[in-house]
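1. please find the sequence and the predicted model below.
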Amino acid sequence: MKGKFNIFQRTMLLWNSIHPYNAVHIIKIPGPIDIPRLEVIIKNILNKSGLGELSIDHKKKRFNYHNNPDSVEVMIVDPGSDATAALNREIQRQINLPFTGNTMNPFRFFAVAEDSSFFLGLTYFHPVADADSVIIIIKNIVSTYIDDDKRPVTYSQLDPYSQSGRSLFLCSMKDLFAWVVTLPEHIAELRSSFRPKYRNINDHENAFSFFSIGPQQFHSLLNTAKKWGVTLNDMFLAFLLSSLGPFASERLKAARRKKISAASIVNARKDLAADDPAAFGLFLGSFSVSHTLPEGISLEQLAKDIHAQTEKIKRYKLYLRTIPEMRTALFLISLFFKKRLKKFYSKYYPLWGGITNLNLNDVWKQTDGQISIDYFRTVSTGPTVPVVFSFTTVGDVLNIGVSYRTAAFSREEADRIISNFSECVAGLG
């Protein structure tokens, strides 16, 4: 087989053995839907990119793509009386629907029509790709679909075998030294973090919600972040921790575990020697932040405290330390924790939530005036966190897909978390 899974992909394959680890991207396309034409376009683009059915050798951790134009179809979802509600139900179904077999098509397409537009959804097997890679596929599809057929379409080429397994050791000795020196502090943070509770640790079912932050509040968010001297990602983490705080009130009585921790995914393509727009695969890092959330702390102070942590993380590239940590986790699971796999992460990585942040404006320039896109994403929570906020900036709007484990939060509790977050944003202006 041609490709070899990197450590992040191997970890996601392990998570997928517990519960489907999928991601969904949605784009709203103006105009009527033409399913036969759309299917032909998708098949051609996947074939040109060398993508198709995926074969996996789990023992050797290798994979291969095979062109199979007959394996692609766009499923039509009945919009009923409310297309948005139908779309949300389908997204929730998709993140819980497994990709099965050692040979499979890792992409599923579906569409929901409205009066003068339609939503196109792409569900993908997350171990094979990150958001940047999938956006290239969708961009190729949309650019071709809206074209007037009078001029040739230029495809963004993809290389499905661009992997990063050998690039970890390209980091400097300074970074390696920092990883080692800060490791005791990192372990201490996790050991002092309060564990989220699950009604049934064996239940990994995901539910989905969606909300948006409009231009006025989004610009207020940007201006406040600049005023406070923090990043937008710092603000997201601070607001998420603040929103989750009421659900972890028992930590106040705990003898040792008094903090709440949350994780953030990082685009690590440049660090992992994959600063190549044609690279198709998974090139990610991650980090976590922790805070005691004392009563009465202001959002400004919380965001600045988070910023102090993330500045150190970025300075020493601690988000890449996740890679050796994942190797260690896989080793421990294989030797000691295989039978307790579903409890492993909740016990040793007690994270209350996670975020993934993407600015679509950076990767999809809308300069030709052909289409004004609307775009959002979501991802399965996996076994590591009970709730994930997927932020996508489109123009001056922030779209947020929220996935959560129903064993940790009910629909009403998830709505309250979203309401808490929205109140944090509204309180800025």
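-> Everything's here; your move.

2. gap between the closest residue to D396 other than its chain neighbours and G429?
-> Once flanking residues are discounted, D396 sits nearest to P215: 4.3 Å by Cβ to Cβ, 6 or more residues apart in numbering. Backbone N, C-alpha and C define where each C-beta goes, glycine included. Distance of P215 to G429, computed by Cβ to Cβ, to the nearest Å: 12 Å.

3. thinking again about what came up before, now the phi/psi pair for the residue nearest to D396, please.
-> phi -50, psi -40 (degrees, to the nearest 10).

4. ok, it - contacts?
-> Residues in contact with P215 (Cβ atoms under 8 Å, 6 or more residues apart in numbering) are 395-397.

5. tell me where the stretch 1-150 of the chain has helices.
-> 7-16, 35-48, 83-96, 131-145 (DSSP state H, counting those that start in this stretch).

6. ok, which of those helices comes nearest K317?
-> helix 7-16 (15.2 Å; Cβ to Cβ).

7. quick one: list the elements packing against the closest one.
-> The contact analysis (3 or more Cβ pairs under 8 Å, 6 or more residues apart in numbering; DSSP states H and E) places helix 7-16 against helix 322-332.

8. got the CA coordinates for the helix it packs on in PDB?
-> C-alpha atoms of helix 322-332 as PDB (Å, rounded to 0.1, in the frame of the first residue of the first chain):
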ATOM      1  CA  THR A 322       0.700  16.100  21.400                       C
ATOM      2  CA  ILE A 323       2.400  13.800  18.900                       C
ATOM      3  CA  PRO A 324       4.700  12.000  21.300                       C
ATOM      4  CA  GLU A 325       1.900  12.100  23.900                       C
ATOM      5  CA  MET A 326      -0.300  10.200  21.400                       C
ATOM      6  CA  ARG A 327       2.500   7.700  20.800                       C
ATOM      7  CA  THR A 328       2.700   7.100  24.500                       C
ATOM      8  CA  ALA A 329      -1.100   6.800  24.900                       C
ATOM      9  CA  LEU A 330      -1.200   4.200  22.100                       C
ATOM     10  CA  PHE A 331       1.600   2.300  23.700                       C
ATOM     11  CA  LEU A 332       0.000   2.300  27.200                       C
END
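
9. residues in contact with it?
-> 7-8, 10-11, 14, 168, 179, 285-287, 344, 348.

10. what does stretch 235-248 give?
-> 194, 196, 221, 224-225, 230, 260, 262, 264, 289, 291, 293, 299, 302-303, 305-306, 310, 352-353, 355, 357, 387, 389, 391, 409, 413, 416-418, 420-421, 424-425.

11. then stretch 353-364?
-> 131-132, 135, 139, 232-233, 236-237, 240-241, 244, 262-265, 373, 375, 377, 379, 381, 384-395.

12. any idea how far N16 is from the closest residue in space to F107 that isn't next to it in sequence?
-> Among residues not flanking F107 along the chain, Y124 sits closest, at 5.3 Å (Cβ to Cβ, 6+ apart). From Y124 across to N16, the span is 12 Å (Cβ to Cβ).

13. same question for I7.
-> Counting by Cβ to Cβ, the gap from I7 to N16 is 15 Å.

14. again with E114
-> 33 Å.

15. just the buried residues from the contacts of P215, in ChimeraX please.
-> ChimeraX command restricting those to the buried ones, with burial defined by 16 or more other Cβ atoms under 10 Å:
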select :397
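
16. what residues of the top helix by length along the chain count as buried?
-> Determined from DSSP state H, the single longest helix within the chain is helix 173-191. Neighbour-count burial for helix 173-191, counted by 16+ other Cβ under 10 Å, picks out 175-176, 178-179, 186, 189-190.

17. ok so, going back, buried among the contacts of stretch 235-248? Make that a ChimeraX selection.
-> Buried residues within the contacts of stretch 235-248, by 16+ other Cβ under 10 Å, are selected in ChimeraX with:
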select :194,196,221,224,225,230,260,262,264,289,291,293,299,302,303,305,306,310,352,353,355,357,387,389,391,409,417,418,420,421,424,425
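
18. cross the contacts of stretch 235-248 against helices and list the overlap.
-> Those of the contacts of stretch 235-248 lying in helices (DSSP H): 221, 224-225, 299, 302-303, 305-306, 310, 413, 416-418, 420-421, 424-425.

19. could you list the low-pLDDT ranges of this structure?
-> Residue ranges of the chain with pLDDT under 70: 1, 69-70, 148-156, 163-174, 273-275, 336, 338-339, 366-371.

20. I figured I137 was touching K48, is that so?
-> No. Checked against Cβ atoms under 8 Å, the pair I137 and K48 is beyond contact range at 10.6 Å.

21. which one's more surrounded, those two?
-> I137 (22 against 13; other Cβ atoms under 10 Å).

22. now do the contacts for the more buried one.
-> Contact partners of I137, counting by Cβ under 8 Å, 6+ apart, are 45-46, 49, 51, 107, 122, 158.

23. rerun at 10 Å
-> 25, 42, 45-46, 49, 51, 107, 122, 124, 129, 156, 158, 280 (Cβ atoms under 10 Å, 6 or more residues apart in numbering).

24. so what sits opposite I265 in the bridge?
-> S286 (DSSP bridges).

25. isn't S298 right up against C424?
-> No. With contact defined as Cβ atoms under 10 Å, S298 does not reach C424; the gap is 11.0 Å.

26. part of a strand, is D203?
-> No. Assessed with DSSP: H, G, I helix; E, B strand; the rest coil, D203 is coil; it does not lie in a strand.

27. which one is it nearest to, not counting chain neighbours?
-> Nearest to D203 is A407, by Cβ to Cβ, 6+ apart, at 4.0 Å.

28. with F109 instead?
-> F109 sits nearest to V74 (Cβ to Cβ, 6+ apart), 4.5 Å away.

29. can you check D271 too?
-> L320 (5.9 Å).

30. list the contacts for that neighbour?
-> 167-168, 171, 175-176, 179, 266, 268, 271-272, 284-287, 313.

31. and which of the residues you listed is nearest T84?
-> L284 (29.9 Å).

32. pretty sure that closest one contacts A263?
-> No. With contacts counted by Cβ under 10 Å, L284 stays clear of A263, the gap being 11.4 Å.

33. compare those two (neighbour count), which wins?
-> Higher neighbour count among L284 and A263: L284, with 24 against 21, using other Cβ under 10 Å.

34. ok, the more buried one - contacts?
-> Here L284 is in contact with 6, 8-9, 12, 130-132, 164, 265-269, 272, 319-320, 322-323, 356 (Cβ under 10 Å, 6+ apart).
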